[in-house]
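> this one's structure only:
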């Protein structure tokens, strides 16, 4: 009432009134179509009930067949009409809890109403479908579309991901972070729950163990005695993520999360402190990670059998300024080449797959990306996946059922029309052109394109995401 100028409020009021009238006009048009069809064919049935079912079928159609409906706006000759319309009417009957003789009497007439309104729409029907499609196109572009959600859920269920040490260390640091604020843990938990196979390699295990052990020793030697005097500005300067995480939980604990009693209690969530200074620590952390994220382990011996030692050394040398290759460079080279070796092992490139490659290295590692351009060009695909892809397209995507509820609350109401006002004409026409160009392709061509685009988005390190790690 107070945020918008009077002129804007007047426009919104008038638009809302017009949208309400338009929706009522379509309901009346559906009622007349139903009544005329019943009378002309000597059928039994309630015209009002038929109109309600037909409108529900259109609503379901925008939820499940939005692209097909979009094609009808530009090309009435697209295939897949009768059977798909029949399915939509059948689903609408189910949602209306209609069974038996009533459902049978309603089905044929409702199917006629849907088909005739789509193929021979009156002005009010065309206007409503156009506005509803604008709303659908907006929801589609925001990834609020059931099939988009299900597509990315399907993608996540088939991954084989070599998890980088940076992701695992970050997940260990989130033990006392509020559940809603965890990012690395959320990604790994979701991948595990969705059916992805997470892989822990021995080089990565060595890096994680070394990092945890070094943090423990540094805390014991430099922070333990002065812990009461540590302030947040001091913590900001610490380069050990586990030590920073510990002090954050102590100095600024998350709501509803009980902070650890001390450093020993904090580190004990990962490994008993006394084991970190001996040979048992690495093995303990290995079993902890395998159990926590249901990971599979690949040893150095197994990796060496899959990789060419000279190729590993040459790639590692590109990452350092001298010929003295460090262990981290060798590990990074092994992880990148291991991805290609595992793809070759299961013959990923030999089988058509619209979801793209299954095997990736899940990491934020940056040093190796600058020296693998030739490798990527030679192998024809990237090897590294950003965890932000999983976080934004899978973890933070709405559930398919929630999306369907959104559609059912939008499309039968005037608000579903109003939302469409915000979509410009040129944007909608461009969207329709893209749909038309895709629909003209054969199935094999579309699957090949889906494969290419899937690999592109999963390996994209330039894209800016809403939620980052």
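Cool, the structure landed. Keep in mind that this is a model prediction, so the values were computed, not measured. Residues are numbered from 1 along each chain as shown.
> Which residue comes closest to the most centrally placed residue in the chain once chain neighbours are left out?
What sits nearest the mean C-alpha location of the chain, by CA atoms, centre = their mean, is residue 393, with 1.9 Å. Of all residues not flanking residue 393 in the chain, residue 152 sits nearest, at 4.7 Å (CB to CB, 6 or more residues apart in numbering). Yep, even glycine has a C-beta here, placed from its N, CA and C like the rest.
> same thing with residue 32?
Excluding its sequence neighbours, the residue lying closest to residue 32 (CB to CB, 6+ apart) is residue 47, at 7.9 Å.
> what stretches of the stretch 351-469 of the chain score poorly on pLDDT?
Applying pLDDT under 70 to the stretch 351-469 of the chain flags the ranges 352, 394-423, 439, 469.
> switch to 90 and redo it
For the stretch 351-469 of the chain, applying pLDDT under 90 flags the ranges 351-356, 366-367, 370, 380, 386-469.
> could you pull out the strands for it?
Ranges of strands in the stretch 351-469 of the chain, per DSSP state E, counting those that start in this stretch, are 359-362, 384-385.
> for the chain, same thing?
For the chain, the strands defined by DSSP state E cover 160-163, 197-201, 296-298, 359-362, 384-385.
> could you dump those strands to a markdown table with distance to residue 425?
Shown next, in a markdown table, are the strands of the chain (distance: least, CB to CB, whole Å):
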| stretch | distance to residue 425 |
| --- | --- |
| strand 160-163 | 43 |
| strand 197-201 | 47 |
| strand 296-298 | 52 |
| strand 359-362 | 40 |
| strand 384-385 | 38 |
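> can you list those strands in CSV and add distance to residue 92 and mean neighbour count?
Listed next are those as CSV, based on distance: least, CB to CB, whole Å; neighbours: other CB atoms under 10 Å:
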stretch, distance to residue 92, mean neighbour count
strand 160-163, 41, 24
strand 197-201, 40, 21
strand 296-298, 46, 15
strand 359-362, 41, 24
strand 384-385, 40, 24
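> out of those strands, which comes closest to residue 343?
Nearest to residue 343 among these is strand 359-362; the distance by CB to CB comes to 4.9 Å.
> Any chance you could list what contacts that closest one?
Strand 359-362 is contacted from outside by 159-164, 167, 187, 335-336, 338-339, 342-343, 346, 348, 383-385, 387, 390, 458-459, using CB atoms under 8 Å, 6 or more residues apart in numbering.
> repeat that with 7 Å
Applying CB atoms under 7 Å, 6 or more residues apart in numbering, the contact partners of strand 359-362 are 159-164, 167, 335-336, 339, 342-343, 348, 383-385, 387, 458.
> swap in stretch 159-174?
Applying CB under 7 Å, 6+ apart, the contact partners of stretch 159-174 are 182, 184-185, 188, 191, 196-201, 204, 207-208, 211, 241-242, 245, 270, 289, 335, 338-339, 342, 358-365, 387.
> How confident was the prediction at residue 13?
Looking at residue 13, its pLDDT reads 63.
> burial measure for the closest residue to residue 272 other than its chain neighbours, as a count.
Excluding its sequence neighbours, the residue lying closest to residue 272 (CB to CB, 6+ apart) is residue 284, at 7.0 Å. As a burial measure, residue 284 scores 16 neighbours (other CB atoms under 10 Å).
> mind listing what the residue lying closest to residue 43 once chain neighbours are set aside touches?
Of all residues not flanking residue 43 in the chain, residue 109 sits nearest, at 6.4 Å (CB to CB, 6+ apart). Counting by CB under 7 Å, 6+ apart, residue 109 touches 34, 37, 38, 43, 45, 50.
> my guess is residue 209 meets residue 279, correct?
No: in this structure residue 209 lies outside contact range of residue 279 using CB atoms under 7 Å: 10.4 Å.
> now residue 376: how far from residue 354?
With distances taken as CB to CB, to the nearest Å, residue 376 is found 21 Å from residue 354.
> Distance check, residue 150 against residue 100.
Distance check for residue 150 against residue 100: by CB to CB, it reads 32 Å.
> more crowded one of these two?
Under the neighbour definition other CB under 10 Å, residue 150 and residue 100 were set side by side, and residue 150 has more, 14 against 7.
> pLDDT wise, what is that one at?
At residue 150, the pLDDT value in this model is 70.
> Output the below-cut-off pLDDT ranges for the stretch 1-150 of the chain.
Per-residue confidence for the stretch 1-150 of the chain (pLDDT under 90) gives these ranges: 1-23, 41-45, 55-88, 91-92, 94-105, 115, 118-121, 125-150.
> Helices of that one, start to end?
Per DSSP state H, counting those that start in this stretch, the stretch 1-150 of the chain carries helices over the ranges 6-41, 47-64, 66-74, 82-95, 100-119, 123-141, 146-156.
> sorry, back to before: against residue 331, how distant is the residue nearest to residue 393?
As judged by CB to CB, residue 152 and residue 331 stand 30 Å apart.
> Neighbour count: residue 209 and residue 279, which is higher?
Between residue 209 and residue 279, residue 209 has the larger neighbour count (other CB under 10 Å), namely 21 against 7.
> show me the contacts for that one.
Taking CB under 7 Å, 6+ apart, we find residue 209 in contact with 281, 282, 285.
> Could you rerun that using 8 Å?
Counted by CB under 8 Å, 6+ apart, residue 209 has contacts 281, 282, 285, 286.
> that older thread, and residue 23, which of the strands of the chain is closest to it?
When the strands of the chain are compared by CB to CB, strand 384-385 sits nearest residue 23, at 44.7 Å.
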